[in-house]
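[1] The following comprises the amino acid sequence and a computationally predicted model.
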Amino acid sequence: MPAAAPALHHDLHRAGYYPELVVDVLDVALADEEVVAHLVHPETTFDAAEVRRHVTVLVLTPTRLVVAHVDDHPADSEHPSASASATTEAVPLAELTSVALTHVVPLPEKHERGRPAQELTLVVGWGAVSRVDLEPATCGDPSCDADHGLTGTLAPDDVVVRVSAAAEGLDSVRAATAFARELSAASARAR
C-alpha cells in the first residue's frame, strides 16, 4: 500500500473485514500510485440460513478508480472450510461514463443548505455492466388489452454503493459524499 495512504489503511482496519487481505489486494491494484480519496463500505446481509459479509472499497488515484470487492464464502459439502474472494478492477478515469448520486433527504421543504442527506447512493459506470429495468408497454387507451411488448431503461451499474445514516451513521454518509465529490471532479478533468 502506498505510504501516503494511512487514512485508507485506518478505515480498512476500522471496518474489520479481513483488513490485511484487502490491503494486499489493493496494494497490487494500486501499483504504488498515490491515493487521492477512498471509500470503505462494509455490508452485512442476512438470509434464512446464514449471515454474509461483504466490503466494497473505492480508491481514487490521479489516473484511475480502483474498485475492490471482498466476499465471504461459507463452508459447504464441496469446500470443507470457509473462504473469501477478493476482486479488484482498475478503471482509467477517462473511461468513466457516469458518476450518479441519489440524495435522500427527509422533509425537503425544511432542508438547510450544507446539511447531509440521510442516505446517499453512488452509482459509477464505465460500460462493463448495465442494468435493464423493463415494464409492460401501454398505448394510453385504458380499455386496450393488447400486448404492446415491453419498454424500459438501460442504466450503468458497474458499481453501486448505498450509505444510510440509519445503518452506518451520518459520518459515513458525509464520507461517501466527500468521496463522490472527488470522483466526480476527477472524472470531469479526465475528459
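    Perfect, I can see it now.
[2] Compute the distance between the residue of the chain most remote from its centre and residue 151, please.
    In the chain, counting by Cα atoms, centre = their mean, residue 143 sits farthest out from the average C-alpha position, at 43.2 Å. Going from residue 143 to residue 151 by Cβ to Cβ, to the nearest Å gives 20 Å. Quick note: C-beta positions are derived from backbone N, CA and C, even for glycine.
[3] Okay, and the residue farthest from the centre of the chain sits in which element?
    Per DSSP states H and E: residue 143 is located in neither a helix nor a strand.
[4] And for residue 175?
    helix 170-189.
[5] got the buried residues for that helix?
    172, 173, 175, 176, 177, 179, 180, 183, 184, 186, 187 (16 or more other Cβ atoms under 10 Å).
[6] quick one: which of those residues is nearest to residue 105?
    When the buried residues of helix 170-189 are ranked by distance to residue 105 (Cβ to Cβ), residue 173 comes first, at 10.7 Å.
[7] Surely the closest one touches residue 162?
    No: counting by Cβ atoms under 8 Å, residue 173 sits too far from residue 162 to count as a contact (10.3 Å).
[8] any common contacting residues for these two?
    Residues touching both residue 173 and residue 162 (Cβ atoms under 8 Å, 6 or more residues apart in numbering): 119, 120.
[9] just checking, next helix/strand downstream of the helix or strand encompassing residue 27?
    Secondary structure here is read from DSSP H and E; on that basis residue 27 sits in helix 19-30. Note on helix 19-30: by DSSP H and E, the next helix or strand toward the C-terminus is strand 37-46.
[10] separation between the spatially most central residue of the chain and residue 76?
    The centre of the chain sits closest to residue 161, judged by Cα atoms, centre = their mean, with a distance of 2.9 Å. Distance of residue 161 to residue 76, given as Cβ to Cβ: 28 Å.
[11] Likewise for residue 14?
    In terms of Cβ to Cβ, residue 14 sits 31 Å off from residue 76.
[12] next one: residue 63
    Here residue 63 is placed at a distance of 40 Å from residue 76 (Cβ to Cβ).
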